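K.L.:
fold the following and give me the result.
(one chain, ligands or ions: 2)
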Amino acid sequence: MMNLLTYFALKSTRKALILAGAVTPTFALADIITINNPGFEDPVLADGVTSGTSTPGWNRLGSTTFLNPSNVHFPGGNATEGFNVATMGAGGSGSSLFQNLPNTTLQYGTYTFQFDVGDRLDEVLHNLGFNLLINATTIVPLTSSNTPAVPDGEFRTWTFTYDVLVPSTFENFIGDPTRIRFLAFGSQGFSTIDNVQGTFTAIPEPSSAALIAIACGVVCFRRRL
Ligand SMILES: [Ca+2]
Ligand SMILES: [Ca+2]
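P.N.:
Ligands and ions are numbered 1, 2, ... in the order given. As a prediction, the model looks like this:
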């Protein structure tokens, strides 16, 4: 973890280099990952109605539909974003829902995805898996996740992070298409999903990496004094 001395050394060195015009004034920022129909609002549905087979932007396997929940499903019939959610039944064999990300090829950096998971009032919650895939088949190893328990009738935000940093693991996949996928597990129950979001942070640009190296050099030099 960065200590205070390193932090202030970075800050002052960066400011000096910015004033000198040597670096741009920003570190790498997270880019929004484009996800089609991320809150399942297309098609428009009446309260309590499911979409049947129309799920624009997404591919479904098994008993996955879009639903405008009524108060049978969630208190007030509410989604967390807009009006609709995706709802996945386990049904003994599981269901899946996936999207080939339209503008995202694999690059070195960190991918973070988050979405809201709901436990319907009228169904038990079954296990839900989430993957980032390359070329529709290769699963990117999960770096970390935050998947809080979901109380009955409520939603909680789940977060999954993937680091694509090690060339020996990823060099053959850079530039290849990516996919996100939800998987349902278990013999009964439903998982409900809404508000799917993703961000990507590239590994530091050369100017930033050089800046960090310079700042670390300053700290090391000061420590030797
Ligand atoms: Ca929604
Ligand atoms: Ca509703």
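K.L.:
near ligand 2, which residues of this protein?
P.N.:
By the rule Cβ under 5 Å from the ion, the part of the chain lying against ligand 2 is 47, 68, 69, 77. For the C-beta atoms, the positions are set from N, CA and C on the backbone; glycine is no exception.
K.L.:
let me know the closest of the residues you listed to residue 117.
P.N.:
residue 69 (13.6 Å; Cβ to Cβ).
K.L.:
correct me, but that closest one touches residue 50?
P.N.:
No. In this structure, residue 69 is not within contact of residue 50 by Cβ atoms under 8 Å, at 9.8 Å.
K.L.:
quick one, which of those two is more surrounded?
P.N.:
A count of neighbours by other Cβ atoms under 10 Å puts residue 69 above the other of residue 69 and residue 50, at 27 against 13.
K.L.:
for the more buried one, which non-adjacent residue is spatially closest?
P.N.:
residue 77 (5.2 Å; Cβ to Cβ, 6 or more residues apart in numbering).
K.L.:
how about the contacts made by the one you found?
P.N.:
Counting by Cβ atoms under 8 Å, 6 or more residues apart in numbering, residue 77 touches 47, 48, 68, 69, 70, 71.
K.L.:
redo that, cut-off 10 Å
P.N.:
Counting by Cβ atoms under 10 Å, 6 or more residues apart in numbering, residue 77 makes contact with 47, 48, 68, 69, 70, 71, 83.
K.L.:
ok so residue 44 is a strand residue?
P.N.:
No. Counting by DSSP: H, G, I helix; E, B strand; the rest coil, residue 44 is located in no strand; its state is coil.
K.L.:
ok, it - how many residues close by?
P.N.:
There are 11 residues near residue 44, going by other Cβ under 10 Å.
K.L.:
quick check: what element follows the lowest-mean-pLDDT helix or strand in the chain along the chain?
P.N.:
Lowest by mean pLDDT, DSSP states H and E among the helices and strands of the chain is helix 4-19, with a mean of 45. For helix 4-19, the following helix or strand on the C-terminal side (DSSP states H and E) is strand 31-32.
K.L.:
which other helices and strands does that following strand contact?
P.N.:
strand 96-105, strand 190-202 (3 or more Cβ pairs under 10 Å, 6 or more residues apart in numbering; DSSP states H and E).
K.L.:
wait, residue 58 sits on residue 97?
P.N.:
Yes. Counting by Cβ atoms under 10 Å, residue 58 touches residue 97, with 5.6 Å between them.
K.L.:
overlap in contacts, the two.
P.N.:
40, 64, 66, 86, 180, 182, 196.
K.L.:
what bridges to the nearest residue in space to residue 53 that is not next to it in sequence?
P.N.:
Closest residue to residue 53 apart from its sequence neighbours, by Cβ to Cβ, 6+ apart: residue 60 at 7.8 Å. Listed by DSSP bridges, the beta-bridge partners for residue 60 are residue 97.
K.L.:
wouldn't residue 60 be in contact with residue 181 here?
P.N.:
No. Counting by Cβ under 10 Å, residue 181 is not a contact partner of residue 60; they are 11.1 Å apart.
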